[in-house]
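S.K.: got a structure for you, letters missing:
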């Protein structure tokens with residue numbers, strides 16, 4: 001087979017795995033349910049075979065009215081995109097090694113279904129920890145193509161009016177590069193003509209969580225802040241999972257502990273996303289996966305999103321950057337000047353979750369707690385759906401005017417500017433107006449605190465007298 005054909009074959013296989021189409025065992029049932037929290041591949045949430053509708057121009061009828069059809073044309077896109085599938089962190093890789101050592105060196109016999117462990121070796125090398133995986137590159141390449149298809153009319157003749165931002169982590173730079181390759185493949189037959197704009201590295205806006213000392217000290221590194229998470233970890237639902245899973249693996253119930261079961265779940269998650277199958281997944285039933293999914297959601301909810309006001313407040317440098325860049329584009333658009341058509345930022349789950357909270361997205365009526373698992377089966381805050389690898393939040397600005405024969409139309413230019421928000425390519429209800437299409441001026445006013453009153457130093461200053469927790 002030629003190198004070109006081999007490359008095509010490997011890309012086909014990668015995309016097939018991403019779409020959940022290549023499975024050889026019972027683990028396939030979990031890929032389709034997307035129950036792996038932030039370790040869920042993007043194309044288990046979004047079907048890559050689904051047709052992409054161009055969103056550059058559309059007609060909009062406001063609900064409940066008969067005379068407000070608007071013709072809308074997009075003129076600016078602002079996106080925040082999580083990196084693609086990555087290798088596990090070193091902490092988890094070492095834990096995987098430790099579980100393997102414990103099971104293979106013990107004198108206690110493995111169950112019949114565990115014989116594969118004797119020949120298993122950890123497929124995740126230490127020196128790859130946290131780096132973007134080949135499948136992550138394929139994931140972002142495919143996402144870039146989808147964005148190119150969706151906004152083709154906007155970008156195809158203005159390919160130099162794009163800005164890229166990345167964090168200091170290599171996985172965001174590699175994700176941006178793969179995204180750009182897919183994006184340019186749709187927009188230009190000549191890669192040299194399209195060019196590749198050098199990204200701006202900016203941790204101040206994309207890794208604000210690591211720069212906020214108050215967050216690091218009082219939430220991220222403070223077990224007290226994750227009280228609900230630890231209650232659930234030691235509660236009846238998780239204890240049932242531990243007991244059932246351990247019995248399926250080994251004859252001695254005392255050989256493995258709760259942390260080992262959680263580690264085995266991580267092996268299952270990563271192997272399934274990398275290879276499309278994992279023998280380790282056979283130890284879990286559907287109920288087990290749902291319980292562990294909620295367990296992980298508790299951590300993300302309390303640490304990164306709605307658990308504490310600080311989590312959303314500290315995202316204001318990024319929220320401000322999003323709206324300020326939009327304001328600049330809008331000003332230049334109205335003045336007939338050249339402006340940036342697209343701003344694309346590549347970051348992390350720890351970046352997206354606080355921004356969701358700042359925007360008021362996916363906020364459940366009742367907080368996620370250790371004692372309301374059964375009540376939260378239809379929760380909005382489900383990290384496997386809203387924070388998978390390659391998760392994306394997109395603002396699109398439109399100039400909207402009446403479609404036909406509206407008399408006495410004398411609205412100002414500002415009143416003609418509308419905005420949509422998309423999460424993972426699906427339009428979401430914007431809290432500012434309760435619709436999927438809002439006047440930009442209304443949205444801008446709704447979030448003014450995060451934009452015009454952002455004082456990151458004050459938000460993240462540790463006040464020993466008034467501790468949030």
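M.R.: Thanks, I have the structure now. Everything quoted here is computed from the prediction, not taken from an experiment. Numbers count the residues shown, from 1 in each chain.

S.K.: Quick one: the helices in the stretch 51-200 of the chain, in order.
M.R.: For the stretch 51-200 of the chain, helices defined by DSSP state H, counting those that start in this stretch occupy the ranges 90-105, 134-150, 152-155, 170-187, 191-194.

S.K.: May I see those helices arranged in JSON lines, with distance to residue 333 and mean neighbour count as well?
M.R.: Where you see a C-beta, it was placed from the backbone N, CA and C, and this is true even at glycine. Written out in JSON lines, the entries for the helices of the stretch 51-200 of the chain read as follows (distance: least, CB to CB, whole Å; neighbours: other CB atoms under 10 Å):
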{"stretch": "helix 90-105", "distance to residue 333": "46", "mean neighbour count": "16"}
{"stretch": "helix 134-150", "distance to residue 333": "20", "mean neighbour count": "23"}
{"stretch": "helix 152-155", "distance to residue 333": "12", "mean neighbour count": "19"}
{"stretch": "helix 170-187", "distance to residue 333": "20", "mean neighbour count": "22"}
{"stretch": "helix 191-194", "distance to residue 333": "23", "mean neighbour count": "13"}
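
S.K.: looking at the ones you listed, which is closest to residue 377?
M.R.: Checking the helices of the stretch 51-200 of the chain against residue 377 by CB to CB gives helix 90-105 as the closest, at 27.4 Å.

S.K.: centre of the chain versus the closest one, how much separation?
M.R.: Offset of helix 90-105 from its chain centre (CA atoms, centre = their mean, to the nearest Å): 28 Å.

S.K.: and residue 220, how far is that from residue 269?
M.R.: Computed as CB to CB, to the nearest Å, the residue 220 to residue 269 distance reads 22 Å.

S.K.: With neighbour numbers in mind, choose between the two.
M.R.: More crowded of residue 220 and residue 269, by other CB atoms under 10 Å: residue 269, with 26 against 17.

S.K.: Need the three-state assignment for that one.
M.R.: When the structure is split into helix, strand and coil by DSSP: H, G, I helix; E, B strand; the rest coil, residue 269 lands in helix.

S.K.: Please list all residues in contact with it.
M.R.: Going by CB atoms under 8 Å, 6 or more residues apart in numbering, residue 269 touches 36, 37, 39, 40.

S.K.: Surely residue 142 is in contact with residue 43?
M.R.: Yes - with contacts counted by CB atoms under 8 Å, residue 142 reaches residue 43, the gap being 7.0 Å.

S.K.: What ranges does the stretch 151-300 of the chain have for its strands?
M.R.: Chain-ordered strands for the stretch 151-300 of the chain, with DSSP state E, counting those that start in this stretch as the definition, fall at 162-166, 200-201.

S.K.: who touches the last one?
M.R.: So the one you mean is strand 200-201. Contacts of strand 200-201 (CB under 8 Å, 6+ apart): 163, 164, 165, 166, 167, 168.

S.K.: Now, of those, which are buried?
M.R.: 164, 165, 166, 167 (16 or more other CB atoms under 10 Å).

S.K.: Could you find the closest non-adjacent residue to the second one?
M.R.: Computed as CB to CB, 6 or more residues apart in numbering, the closest residue to residue 165 that is not its neighbour in sequence is residue 345, at 4.3 Å.

S.K.: Help me confirm that that neighbour is found in a strand?
M.R.: Yes - counting by three-state DSSP, one finds residue 345 located in a strand.

S.K.: Spit out the contact partners of it.
M.R.: For residue 345, the set of contacting residues under the criterion of CB under 8 Å, 6+ apart consists of 79, 80, 81, 164, 165, 166, 205, 206, 318.

S.K.: Could you export those as a markdown table, including distance to residue 338?
M.R.: Output for these, formatted as a markdown table (distance: CB to CB, whole Å):
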| residue | distance to residue 338 |
| --- | --- |
| 79 | 20 |
| 80 | 24 |
| 81 | 25 |
| 164 | 18 |
| 165 | 20 |
| 166 | 24 |
| 205 | 23 |
| 206 | 26 |
| 318 | 25 |
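
S.K.: I'd like to know which of these is nearest to residue 418.
M.R.: For these, the closest approach to residue 418 (CB to CB) belongs to residue 79, at 17.5 Å.

S.K.: count of neighbours near that closest one?
M.R.: Using other CB under 10 Å: residue 79 sits among 20 other residues.

S.K.: And the nearest residue to residue 140 once chain neighbours are set aside, how far from residue 249?
M.R.: Counting by CB to CB, 6+ apart, residue 178 is the residue found nearest to residue 140 once chain neighbours are left out, at 3.9 Å. Summarising the geometry, the distance separating residue 178 from residue 249, computed by CB to CB, is 37 Å.

S.K.: Next, the spatially closest residue to residue 289 that is not a sequence neighbour: secondary structure please.
M.R.: Counting by CB to CB, 6+ apart, residue 35 is the residue found nearest to residue 289 once chain neighbours are left out, at 4.3 Å. The local conformation at residue 35, judged by three-state DSSP, is coil.

S.K.: Touching, residue 35 and residue 288? I think so.
M.R.: No - taking CB under 8 Å as the definition, residue 35 is not a contact partner of residue 288, at 9.5 Å.

S.K.: more crowded one of those two?
M.R.: For residue 35 versus residue 288, neighbours defined as other CB under 10 Å are more numerous around residue 35 (25 against 22).
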